[in-house]
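J.: prediction below, plus the sequence it came from.
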Amino acid sequence: QVHLVESGGGLVQAGGSLRLSCTAADHTFSTLAIGWFRQAPGKERELVAAVSRFGAATSYAVSAKGRFTISRDIDNNTVYLQMNSLKIEDTGIYFCAAERGGLAAVRAGPSLWGQGTQVTVAS
């Protein structure tokens, strides 16, 4: 089973930037669609951004469009989430998740999850 590992979270001032990384040692990682989900305090987990296998297509939540960019480095088995112009409401635990199939499969509910990385945006 693919083991997903997130990193890059931390404390940042509003307006700042962070880059999250999701890596896996499994050689099948590039064949999986990947999503970044956010679990904010008191809110349901939401899909922030997703990228199809091999990086051909991406999708974003309305709240992330224009500020976040998801990308994948096939050679290094890594998916990134570049987050710019961060807002206080971006605070939460960010999870990397994977699923076989396309973006629709990630939106429907991925079966593989990482342990999450905390992002805190301060005023």
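T.: Okay, I see it. Residues are numbered from 1 along each chain as shown.
J.: which residue is nearest the centroid of this protein?
T.: The central residue of the chain, meaning the one whose C-alpha is nearest the mean C-alpha position (Cα atoms, centre = their mean), is residue 36 at 2.3 Å.
J.: let me see the contact set for that one.
T.: Each residue near residue 36 by Cβ atoms under 8 Å, 6 or more residues apart in numbering is listed here: 20, 22, 47-50, 70, 79, 81, 94-97. Where you see a C-beta, it was placed from the backbone N, CA and C, and this is true even at glycine.
J.: any idea how far residue 31 is from the residue nearest to residue 78 when sequence neighbours are not counted?
T.: Counting by Cβ to Cβ, 6 or more residues apart in numbering, residue 23 is the residue found nearest to residue 78 once chain neighbours are left out, at 4.8 Å. Applying Cβ to Cβ, to the nearest Å, the value for residue 23 to residue 31 is 15 Å.
J.: then residue 80?
T.: Relative to residue 31, residue 80 is positioned 18 Å away (criterion: Cβ to Cβ).
J.: who has more neighbours, these two?
T.: Of the pair residue 80 and residue 31, residue 80 is the one with more neighbours under other Cβ atoms under 10 Å, namely 19 against 13.
J.: look up how far residue 68 lies from that one.
T.: In this view, residue 80 and residue 68 are 10 Å apart by Cβ to Cβ.
J.: who does the residue nearest to residue 78 bridge with?
T.: In this structure, residue 23 has beta-bridge partners residue 5, residue 78, where bridges are defined by DSSP bridges.
J.: so it touches residue 75, yeah?
T.: No: here residue 23 does not reach residue 75: they are 12.0 Å apart, not a contact under Cβ atoms under 8 Å.
J.: the more surrounded of the two?
T.: Here residue 23 and residue 75 are set side by side on neighbour count (other Cβ under 10 Å), and the busier one is residue 23, at 19 against 7.
J.: contact partners for that one?
T.: 4, 5, 7, 29, 76, 77, 78, 79.
J.: tell me the pLDDT of the second one.
T.: This means residue 5. Note for residue 5: predicted pLDDT of 96.
J.: who are the contact partners of it?
T.: Taking Cβ under 8 Å, 6+ apart as the criterion, residue 5 is in contact with 22, 23, 24, 114, 115.
J.: lovely, talk soon.
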